[in-house]
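1. what shape does this take:
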Amino acid sequence: MGPRKPIYVSTFLLSVLAVCAGINGRQADLMMPGILSVILSVVILYKSFRGNSIKLWIPVTLNIFLIIGICGTSFADFSGFAVATPLFVALGACIVLCMVAYTEIKLDRVMFCTYFLFMTLAVSNVFSYGVYYFYLKYGVADEAQANFWLDDEFAFALTFCVLAIIAVMMYMKRKDIRLIQSDILLEVRHGTK
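-> I've put the predicted structure just below:
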């Protein structure tokens with residue numbers, strides 16, 4: 001079995017823990033990415049049983065940011081954003097990498113970064129549904145303040161994502177990676193060992 005499946009299972013368990021911590025702490029910026037991460041980790045596990053095991057650094061990266069997000073539940077305001085927002089970026093990147101790994105699409109640097117940007121902003125936008133849920137359940141103290149926090153979270157996600165895109169572009173250029181495709185993201189492909 002090797003270390004792959006236990007790491008995939010740990011991603012699932014950390015994702016569930018993030019959802020529980022987000023619900024208990026009434027933090028939509030942890031709960032909503034946690035839900036998306038649960039779905040992604042189930043796909044990774046399912047595909048690994050079908051013979052398509054993704055490279056370990058992808059779920060390990062997601063695990064690291066899930067742990068940071070869970071540990072950051074005690075922070076408030078802007079420090080909380082600084083801790084929680086990188087999870088949006090990591091989740092956006094992992095979703096795009098899984099799309100490439102499990103399908104036949106091939107992305108060059110520009111297309112990868114475009115997908116990465118819009119996927120991260122989509123994950124960040126999902127945060128607003130979590131905010132809506134908590135405000136619907138517990139009431140809204142100040143609607144203007146709620147919109148302020150939503151805008152700040154989106155701005156943080158955009159900033160972190162642009163910085164990550166610059167780093168990705170520089171890395172791909174230095175390594176002369178022209179296309180990101182499934183062959184470089186999978187450990188085991190189509191049941192072959």
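2. tell me where this structure has helices.
-> Ranges of helices in the chain, per DSSP state H, are 4-24, 28-49, 57-71, 77-102, 109-138, 143-174.
3. redo these as TSV? Include distance to residue 183, mean pLDDT and mean neighbour count.
-> (Each C-beta comes from the backbone N, C-alpha and C, glycine too.) Listed next are the helices of the chain as TSV, based on distance: least, Cβ to Cβ, whole Å; pLDDT from 0 to 100; neighbours: other Cβ atoms under 10 Å:
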stretch	distance to residue 183	mean pLDDT	mean neighbour count
helix 4-24	17	89	18
helix 28-49	15	89	21
helix 57-71	15	90	19
helix 77-102	9	84	21
helix 109-138	15	82	17
helix 143-174	16	82	15
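4. make JSON lines out of those and add distance to residue 187.
-> Listed next are those as JSON lines, based on distance: least, Cβ to Cβ, whole Å:
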{"stretch": "helix 4-24", "distance to residue 187": "7"}
{"stretch": "helix 28-49", "distance to residue 187": "9"}
{"stretch": "helix 57-71", "distance to residue 187": "10"}
{"stretch": "helix 77-102", "distance to residue 187": "10"}
{"stretch": "helix 109-138", "distance to residue 187": "20"}
{"stretch": "helix 143-174", "distance to residue 187": "20"}
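5. out of the ones you listed, nearest to residue 182?
-> Nearest to residue 182, of all those, is helix 77-102, at 5.1 Å by Cβ to Cβ.
6. can you give me how far that closest one is from the chain middle?
-> From the chain centre to the centre of helix 77-102 is a distance of 3 Å (Cα atoms, centre = their mean, to the nearest Å).
7. what does stretch 154-165 give?
-> Offset of stretch 154-165 from its chain centre (Cα atoms, centre = their mean): 13 Å.
8. give me the residues contacting it.
-> Residues from elsewhere that reach stretch 154-165, judged by Cβ atoms under 8 Å, 6 or more residues apart in numbering: 81-82, 85-86, 88-89, 92-93, 113, 116-117, 120-121, 123-125, 127.
9. what residues are up against residue 125?
-> residue 154.
10. wait, residue 23 touches residue 31, no?
-> Yes: when contacts are counted by Cβ atoms under 8 Å, residue 23 is listed as touching residue 31 (5.6 Å).
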